[in-house]
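No letters, just coordinates:
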């Protein structure tokens, strides 16, 4: 396992699928929420992108850890943690759910699942929302129990995913709408399956409960998937950027507020109490100085964006930083995501992007997504 | 940088020393607190161990992020977060400081630094203590400001460190006692330096304030260090295990309490209010079922402990898991750290350790540290 050097100790947690992922030829891991996330298999990012757009893939996204909030004050706490109203959220629904701190800084951008009136899962990006939620609950003396349950999401992504899932779980799964979930039987257990995923393709996420079932679930899907040309995969950078899907820690951090992240659509009803309300209303009133935008930029396929690429206006002022960028073989141009300063964030604004190969590339600001499916 | 594959995006943060670390020939990184930690340079772990025991090394431990708590309620919050009393803590002192949750589960085992009566830094292991502290403060409406300051610890470790530090910062640094800190001048700035470090050698940690000074500080130390045979390094697994230094996420997690971690010495005065007090007093009364211990085990040098090694009693009962283990070239035996079940935790207890090469090795339970310096 020398090529996957990260897998070095208990601190960087393995998942129930790690053995299968290694069998499937993983060539590297990254770490999210103290857990392994496969970074690549045998295919290049571009090969993987084309495959994902036409077939089905199996992704170990166990690192999307769940924060389970349960108890009399569960709904109260869940609501306190976000400017997005959950007043009309039904059981069985997923909500994209910005979590902010007292200064309206982004703590995370998880998916919230409502399991019952007093039980929720928060499926988190890379920060310890468990500690944030527990801290608030302890500080405010709320009647909740907060744990990280024994749950490990496995994503099935790509246009052939529905066929595969019907084969495995029956016709009923066809009726599952985007960002809804329901329960399905697997080996005598009830498992939560949502129609969702970190791609712009159709897909599902199986929130497997029970570490010990991991290998069985992976193998079952793998065997059935052969006829649908399944491959092992992971979040695809080209697909993600084209879709304008943000990544916490990359495009935005605790330093950014939800308006900068273009989450306005989730902030229409803020009549409820929530942490950071005063700060957020002030930001709303005063407006923001930068906002997440797309940038297309020309020249040869860009080197990997391991360090943000500075974005300049034509008068040589730095107006942004591309935090995720790659060549889109579909759009036949480089694409990137950047916070862009006010006065320069309009679509069509001409910019210069400096990539680490020291090439200055002409570019243009645009809206995201770059490309709908 | 393909051999350091981790350095892939802004989410896994670079440090002010990353460029220098790459120049110095780093061969891999791991991730702690969403930040790069060098894992190895050119030397083997064993070569590094011998070098560290006789010379001086420079370690980029920026991932020891600081949680700065400042304000009228700072001392109150800092005390609430730990069963260790800070009543008699003077300014200029470092405290090893167990942080626990409402169930007395370990959230982190940081080093606490008291900068003034109402300003503290918590130098954390791998979990978002920032969010825990902020959550409590928001929930309980405390008058504190909590941030991650622009501070990046750089460690100088090994017996020649004092000579090097005297050369750089003057004779005054000789008077700095273990786990104390004071301020020294560097390029016109005041920088906090503590006598401390994640090894059993003498050493210092420079809490550099100012990202932009990183390369200068590294280079200054590097140039002066040549006459002291300095090498680039990182926490050394042999040295750490011999010293019985625990690693959060490896030896213990949120599932463990401070008594299991053998932190009794910090729990003598628990007359103050703190989160988890009721739970901890109950544990104290009822006793614990397992405790961290050392295990020596024979045979050839053990393979790397990427997955815990089960520890069995002679009657084939599993009584523990070695979570960090390695061959000690000084003690000429394998050494490991494991929680060991009650009834089996006495020194001298004979055990069997199963390593991933399928070899059953005879071993013995012992106290830690395995070896004082």
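Sure thing, it's come through. The structure presented is a predicted model; accordingly, all values stated were derived computationally and were not measured.

For the stretch 151-300 of chain A, which residues are neighbours of chain B?
A:247-250, A:275 (C-beta under 8 Å from any C-beta of the partner chain). Bear in mind the C-beta positions are built from the backbone N, C-alpha and C, glycine included.

For residue A:159, list the residues it contacts.
By C-beta atoms under 8 Å, 6 or more residues apart in numbering or on different chains, the residues touching residue A:159 are A:53-56, A:201-202.

coming back round to it: let me know the closest of the residues of the stretch 151-300 of chain A next to chain B to residue A:340.
For those, the residue nearest residue A:340 by C-beta to C-beta is residue A:250; the value is 15.3 Å.

Which of the residues of the stretch 151-300 of chain A next to chain B sits closest to chain B?
residue A:249 (3.2 Å; C-beta to the nearest C-beta).

Spatially nearest residue to the closest one (excluding sequence neighbours)?
Leaving out its chain neighbours, the residue that sits closest to residue A:249 by C-beta to C-beta, 6 or more residues apart in numbering or on different chains is residue B:11, at 3.2 Å.

what about the one you found, how many neighbours?
Burial of residue B:11 is recorded as 20 neighbouring residues (other C-beta atoms under 10 Å in any protein chain shown).

Now do the longest strand that chain A contains, average pLDDT.
Ordering each strand of chain A by length in residues (DSSP state E) puts strand A:318-328 first. Mean per-residue pLDDT for strand A:318-328: 98.

same check, this time on stretch A:82-92
So the average pLDDT for stretch A:82-92 ends up being 98.

Centre of the chain to it, how far?
Taking C-alpha atoms, centre = their mean, to the nearest Å, the mean C-alpha location of stretch A:82-92 is offset from the chain mean by 19 Å.

Residue A:150: neighbour count?
Residue A:150: 14 surrounding residues under other C-beta under 10 Å.

do residue A:176 as well
Neighbourhood size, residue A:176 [other C-beta under 10 Å]: 20.

Next: residue A:147.
Neighbours around residue A:147, by other C-beta under 10 Å: 14.

Let me know the helix or strand that the residue lying farthest from the centre of chain A is in.
What lies farthest from the middle of chain A is residue A:315; by C-alpha atoms, centre = their mean that is 35.1 Å. Using DSSP states H and E, residue A:315 sits within no helix or strand.

Please report how far it lies from residue B:188.
Here the distance between residue A:315 and residue B:188 works out to 33 Å (C-beta to C-beta, to the nearest Å).

and if you look at residue A:277?
Look at residue A:277 and residue B:188: by C-beta to C-beta, they are 42 Å apart.

more neighbours, these two?
The residue with more neighbours, out of residue A:277 and residue B:188, is residue A:277; 17 against 6, by other C-beta under 10 Å.

The more buried one contacts residue A:270, doesn't it?
Yes - with contact defined as C-beta atoms under 8 Å, residue A:277 and residue A:270 form a contacting pair (6.8 Å).

Residues that sit against both of these two, list them.
Common contact partners of residue A:277 and residue A:270 (C-beta under 8 Å, 6+ apart): residue A:83.

Checking the residue nearest the centre of chain A next. Helix, strand or coil?
Centroid check for chain A by C-alpha atoms, centre = their mean gives residue A:198 as the closest residue, at 5.1 Å. With DSSP: H, G, I helix; E, B strand; the rest coil as the basis, residue A:198 sits in coil.

before we move on, the earlier item: mind putting the residues of the stretch 151-300 of chain A next to chain B in TSV, pLDDT, neighbour count and secondary structure included?
As requested, those are arranged in TSV below (pLDDT from 0 to 100; neighbours: other C-beta atoms under 10 Å in any protein chain shown; DSSP: H, G, I helix; E, B strand; the rest coil):
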residue	pLDDT	neighbour count	secondary structure
A:247	98	22	coil
A:248	98	23	strand
A:249	98	20	coil
A:250	98	19	coil
A:275	98	26	coil
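
all helices of the stretch 1-150 of chain A, in order?
A:18-23, A:45-54, A:74-80, A:129-140 (DSSP state H, counting those that start in this stretch).

What about contact with chain B: does the third one have any residue there?
I take that to be helix A:74-80. No - residues of helix A:74-80 are not located near chain B by C-beta under 8 Å from any C-beta, the shortest gap being 8.9 Å.

what does that helix contact?
A:69, A:85-86, A:112, A:117-120, A:122, A:133, A:136-137, A:142, A:144, A:272-275.

Could you do stretch A:211-229 as well?
Contacts to stretch A:211-229, defined as C-beta under 8 Å, 6+ apart, come from residues A:15-17, A:19-20, A:24, A:51, A:55-56, A:58, A:60, A:150, A:152, A:154, A:156, A:160, A:163-164, A:167-168, A:186-187, A:189, A:206, A:208, A:230.

mind redoing it with 6 Å?
By C-beta atoms under 6 Å, 6 or more residues apart in numbering or on different chains, the surrounding residues in contact with stretch A:211-229 are A:16-17, A:20, A:55-56, A:58, A:150, A:160, A:163-164, A:167-168, A:208.

Just the buried residues of it, please?
Buried positions in stretch A:211-229, judged by neighbour count with 16 or more other C-beta atoms under 10 Å in any protein chain shown: A:213-214, A:217-218, A:221-222, A:225, A:228.
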